[in-house]
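Enquirer: A structural model of the following input is requested.
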Amino acid sequence: MKAAAISLANPNSQNRSMRFMYLLTVFFLALTGFGQMPIYKRYYLSDIPGFGWLANFWTTRYVHYAGAAMLLAIVAYMIVQYAALNRRQRQISISGYLRGVLLLGIVLTGILFVIKNFPVFVFSPEFIIALNLSHLGFVMAFLLVNLYCLVFKKQWTNAR
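Expert: Sure thing, here's the model as predicted:
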C-alpha cells in the first residue's frame, strides 16, 4: 500500500493512462465541438475517407455528450485523488488554477447548453448567442493556455 501511495504522489509516473484518457477526451471534445458548426462539410474535410461522420450533426452531438461525461468523470477522479492523496505533497500551480477556472467555465456553459435542449426551458435568443460565444471563448482560451503550458512545460501542480 505504501509503494502505491508513493507512486501516485510522483507526478511523472502518476496516472499515465488517466493522462492519455484526458488528452484523448479533450481532443474528441474539440473535434466534435467544432463539428457542431458546419465547418467540416463546408471545407470538405468530411469528404476524406473515414471522416464522413464529422458532417453529421447528431453523431457529433452525441459523441460530444459522451466526451463531456467522460471529462466530468476524469475531472472528478483527479479532484478526489488530489484531495485524498496528493494535497500534502503537491500544490496547485498558477497555471493549474487558470486551467481549472477555464475548465469550470466550459463545464458550466456546457451544462447550460444541455439544459437549453430540454423542451421545458426556454432561453432568449440573446442569451443563447451569449452562451454560445462564451462556451466557444472558454474553449479557445483553454486550448491556448494548454498549448502554452505544453510548450513551456507548466504542470497543474508543483511540489510543496
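Enquirer: Do you have the helices of this structure handy? List them.
Expert: With DSSP state H, the ranges of helices along the chain come out as 2-9, 16-35, 39-42, 57-81, 94-116, 125-151.
Enquirer: Tell me what angle the longest one forms with helix 94-116.
Expert: In other words, helix 125-151. Interaxial angle, helix 125-151 versus helix 94-116 (axes from the mean of the first three to the mean of the last three CA atoms, to 10 degrees): 150 degrees.
Enquirer: Quick one: mean pLDDT for helix 125-151?
Expert: If you average the pLDDT over helix 125-151, you get 95.
Enquirer: Now do the same contact list for the most centrally placed residue in the chain.
Expert: In the chain, the C-alpha nearest the mean C-alpha coordinate belongs to residue 26, at 4.7 Å (CA atoms, centre = their mean). Listed by CB atoms under 8 Å, 6 or more residues apart in numbering, the contact partners of residue 26 are 71, 146. No exception for glycine: its C-beta is placed from N, CA and C like everyone else's.
Enquirer: same check, this time on residue 135
Expert: 106, 109, 110, 113.
Enquirer: I'd like the distance between it and residue 108.
Expert: Using CB to CB, to the nearest Å, one gets 9 Å for the distance from residue 135 to residue 108.
Enquirer: Ok, residue 97 next?
Expert: Where residue 108 is concerned, residue 97 sits at a distance of 16 Å (CB to CB).
Enquirer: Of the two, give the one with the bigger neighbour count.
Expert: Using other CB atoms under 10 Å, the more surrounded residue of residue 97 and residue 108 is residue 108, with 14 against 11.
Enquirer: pLDDT value on the more buried one, please?
Expert: At residue 108, the pLDDT recorded in the model is 96.
Enquirer: and what of the one 5 residues further on?
Expert: You'll see residue 113 listed with a pLDDT of 91.
Enquirer: Would you confirm that it contacts residue 134?
Expert: No. If you go by CB atoms under 8 Å, residue 113 and residue 134 don't touch, sitting 10.4 Å apart.
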